[in-house]
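Trainee: sequence unavailable; structure follows:
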């Protein structure tokens with residue numbers, strides 16, 4: 001019996017960061033995941049509403065949303081989907097707050 005591929009939603013507006021993540025995932029077993037990449041929170045909300053996402057990788061600095069509001073919107077759109085927050089900021093307070101608000105990792 002074949003396992004279902006993990007459905008990952010990458011919400012990242014930086015092309016270089018998205019390319020780096022795709023390269024990292026290319027090391028995984030073929031067919032073990034499907035990565036969907038969107039550039040804006042609005043696109044993510046539409047995709048999450050379809051209910052076919054197992055994990056969200058969420059940038060904290062998007063063109064249409066910033067900081068913890070991105071996390072809150074993702075959780076509102078899909079409350080049962082784990083979210084891993086991505087950011088280049090070295091802000092321990094923001095990391096702690098994101099975890100308190102339900103992010104699985106930072």
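Mentor: Structure's in. What do you need? The structure displayed is predicted, hence computed values, not measured ones.

Trainee: what average pLDDT does stretch 73-85 get?
Mentor: The average pLDDT within stretch 73-85 is 94.

Trainee: list the buried residues for it?
Mentor: For stretch 73-85, the neighbour count (16 or more other Cβ atoms under 10 Å) marks 73, 74, 75, 77, 78, 81, 83, 85 as buried. Placement of C-beta: from N, CA and C, glycine included.

Trainee: could you do stretch 91-106 as well?
Mentor: For stretch 91-106, a neighbour-count test (16+ other Cβ under 10 Å) marks 94, 95, 98, 103, 106 as buried.

Trainee: repeat that for stretch 47-58.
Mentor: Quick answer for stretch 47-58 (16+ other Cβ under 10 Å): 47, 48, 53, 55, 56, 57, 58.

Trainee: any idea which helix or strand of the protein has the worst average confidence?
Mentor: Ranked by mean pLDDT, DSSP states H and E, the helix or strand of the chain with the weakest confidence is helix 92-100, at a mean of 80.

Trainee: report all helices and strands that that helix contacts.
Mentor: Helix 92-100 is packed against helix 68-77, with contacts defined by 3 or more Cβ pairs under 8 Å, 6 or more residues apart in numbering; DSSP states H and E.

Trainee: mind giving me the packing neighbours of the helix it packs on?
Mentor: Where contact means 3+ Cβ pairs under 8 Å, 6+ apart, helix 68-77 is packed against helix 41-49, strand 55-59, strand 83-86, helix 92-100.

Trainee: could I get those as CSV with distance to residue 34?
Mentor: Formatted as CSV, the helices and strands packed on helix 68-77 follow (distance: least, Cβ to Cβ, whole Å):
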stretch, distance to residue 34
helix 41-49, 12
strand 55-59, 11
strand 83-86, 16
helix 92-100, 25
